[in-house]
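K.L.:
need a structure here:
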Amino acid sequence: MQRIPAVGLGTWQAAPGEVTEAVKLAIDAGYRHFDCAYLYHNESEVGAGIQCKIKEGVVKREDLFIVSKLWCTSHKKSLVKAACTKSLKALKLDYLDLYLIHWPMGFKAMEDLVVTGLVKAIGVSNFNHEQLERLLNKPNLRFKPMTNQIECHPYLTQKDLIRFCQARDVSVTAYRPLGGSSEGVDLLDDPVIQRVARKYNKSPAQILLRFQIQRNVIVIPKSVTPKRILENIQVFDFELSEQDMNDILGLDRNFRMCSLPIAKNHKDYPFNIDY
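P.N.:
A predicted model of the protein is given here:
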């Protein structure tokens, strides 16, 4: 099975008109992993960028690792294939490398997509360890989830969940690896991150991404800014010391930025337990 490239381009909240150019620049810069979703309402623009670079001969389809996600309105088994096909049509692709459940509310119908060749692999997103354990223990499970895509950054280090996933050969993909401004909290301005960035002559964003890579966690930072797109993939020429890794891990405050409070009373809401 193809491995997930360690750094991908996130496309959440990337505006139409901006994201096509961002994808083209990212491919030129060496990105081969693109994280998409029906919910982001920009898959056709992402697809336009991908197709442009394929036509130019910069990449072949098989060089790329394209991810999309099944939204909650299509969990019914009869709707899953149509939802996947809709994303494929928007992206102008014949198959996806990985298709995720956006929130932990169903999985079985996804397996048929692998059988029919519409997707190469399937995975999950926002699953807690109990939900993932139940899935892995299903006696009729045909395809193991390839990854669990979760919010993860130094203010939400997810140590226990990452350990749980990796021990079961399920990779972890970190969304929001750079944090973001939330309730006046900006991870990029954290004094520890700033200090480590000065030590290595790197940007705070590069430190945050390298931190995850050294934990064997895949990262999908989102940007449409050319300078940042280039910067975010230039994280393989240095290594953080054990002390610096421990200092960054010490920033954990269990601070979740994406909590989907509207679903808090749903029986499958994933954030009511510790990990």
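
K.L.:
got a pLDDT number for S182?
P.N.:
Looking at S182, its pLDDT stands at 69.

K.L.:
ok, now the one 3 residues further on?
P.N.:
On the pLDDT scale, V185 is placed at 78.

K.L.:
could you find the closest non-adjacent residue to R61?
P.N.:
Nearest residue to R61 in three dimensions, chain neighbours excluded: I54, at 6.2 Å (C-beta to C-beta, 6 or more residues apart in numbering). Yep, even glycine has a C-beta here, placed from its N, CA and C like the rest.

K.L.:
surely the one you found is in a strand?
P.N.:
No: using DSSP: H, G, I helix; E, B strand; the rest coil, the assignment for I54 is helix, not a strand.

K.L.:
please report how far L240 lies from R176.
P.N.:
20 Å (C-beta to C-beta, to the nearest Å).

K.L.:
settle it for me: which of those two has more neighbours?
P.N.:
A side-by-side neighbour count of L240 and R176, using other C-beta atoms under 10 Å, places R176 first with 23 against 19.

K.L.:
so where do the helices sit in the chain?
P.N.:
19-29, 43-56, 77-91, 108-116, 129-136, 159-167, 191-200, 204-213, 226-233, 242-249 (DSSP state H).

K.L.:
convert the C-alpha atoms of the second one to PDB, please.
P.N.:
Coordinates of each C-alpha in helix 43-56 appear next as PDB, following Å, rounded to 0.1, in the frame of the first residue of the first chain:
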ATOM      1  CA  GLU A  43     -12.700  20.500  -4.600                       C
ATOM      2  CA  SER A  44     -13.300  21.600  -8.200                       C
ATOM      3  CA  GLU A  45     -10.700  24.400  -7.800                       C
ATOM      4  CA  VAL A  46      -8.300  21.900  -6.200                       C
ATOM      5  CA  GLY A  47      -8.900  19.600  -9.100                       C
ATOM      6  CA  ALA A  48      -8.200  22.400 -11.600                       C
ATOM      7  CA  GLY A  49      -4.800  22.900 -10.000                       C
ATOM      8  CA  ILE A  50      -4.000  19.200 -10.100                       C
ATOM      9  CA  GLN A  51      -5.100  18.800 -13.700                       C
ATOM     10  CA  CYS A  52      -3.000  21.800 -14.800                       C
ATOM     11  CA  LYS A  53       0.200  20.300 -13.400                       C
ATOM     12  CA  ILE A  54      -0.600  16.900 -14.900                       C
ATOM     13  CA  LYS A  55      -1.200  18.400 -18.300                       C
ATOM     14  CA  GLU A  56       2.100  20.300 -18.000                       C
END
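
K.L.:
on that earlier part again, most tightly packed of the helices of the chain?
P.N.:
Compared across the helices of the chain, helix 204-213 shows the largest average neighbour count, a mean of 24 (mean count of other C-beta atoms under 10 Å).

K.L.:
with only the CA atoms kept, save that helix in PDB.
P.N.:
Extracted as PDB, the C-alpha positions of helix 204-213 are listed here (Å, rounded to 0.1, in the frame of the first residue of the first chain):
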ATOM      1  CA  PRO A 204       7.800  29.000  14.200                       C
ATOM      2  CA  ALA A 205       5.600  27.200  11.700                       C
ATOM      3  CA  GLN A 206       8.600  25.000  10.600                       C
ATOM      4  CA  ILE A 207       9.300  24.100  14.200                       C
ATOM      5  CA  LEU A 208       5.600  23.100  14.800                       C
ATOM      6  CA  LEU A 209       5.700  20.900  11.700                       C
ATOM      7  CA  ARG A 210       9.100  19.300  12.500                       C
ATOM      8  CA  PHE A 211       7.800  18.600  16.000                       C
ATOM      9  CA  GLN A 212       5.000  16.400  14.500                       C
ATOM     10  CA  ILE A 213       7.200  14.700  11.900                       C
END
